[in-house]
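J.: quick one, what's the 3D model for this:
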Amino acid sequence: MVKSKKVTSDDFSYEAKVAEIDGIIAKIEAGTLDLAEVFEQFATAVEYLKECDSFLVAKQEQVDILIETLQDESSE
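T.: Numbers count the residues shown, from 1 in each chain. Presented below is the predicted three-dimensional model:
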């Protein structure tokens, strides 16, 4: 099983990964891949989804910190 790598915004484009996932889904739905290729493409899509999730979690943490900072500043 492939481990998910930590994704940073410096080397990651969320939109590009989503487009790649959409492309993989289209290939699978087209029914032109053999079974081994379907599983390979599916595994790739799952890895991309994990990377997208990791990216979104990191961005949510940044937003939470910014909101907390704003709340602290406004209560002073």
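
J.: would you mark the buried spots in the biggest helix by length in the chain?
T.: If you go by DSSP state H, the chain has its longest helix at helix 35-74. Within helix 35-74, the residues scored as buried using 16 or more other Cβ atoms under 10 Å are 41, 45, 47-48, 51-52, 54-55. Any C-beta I mention is one placed from the backbone N, CA and C, and that applies to glycine too.

J.: for those residues, which one is nearest residue 31?
T.: residue 41 (12.3 Å; Cβ to Cβ).

J.: so what's the closest one scoring on pLDDT?
T.: Residue 41 carries a pLDDT value of 98.

J.: cool, residue 51 as well?
T.: Reading off the model, residue 51 has pLDDT 97.

J.: try the one 10 residues further on
T.: According to the prediction, residue 61 has pLDDT 97.

J.: so what's the residue positioned nearest the centre of the chain up against?
T.: The chain has residue 52 as the residue nearest its centroid, 0.9 Å off, counting by Cα atoms, centre = their mean. Taking Cβ atoms under 8 Å, 6 or more residues apart in numbering as the criterion, residue 52 is in contact with 14, 17-18, 21.

J.: mind checking how far it is from residue 61?
T.: Counting by Cβ to Cβ, to the nearest Å, the separation of residue 52 from residue 61 is 15 Å.

J.: check the contacts of residue 52 and tell me the two furthest apart.
T.: By the measure Cβ to Cβ, 14 and 21 form the most distant pair in these, at 10.6 Å.

J.: take the contacts of residue 52 and keep only those in strands.
T.: Judged by DSSP state E, strands contain none of the contacts of residue 52.

J.: what is the nearest of those to residue 31?
T.: residue 21 (18.0 Å).
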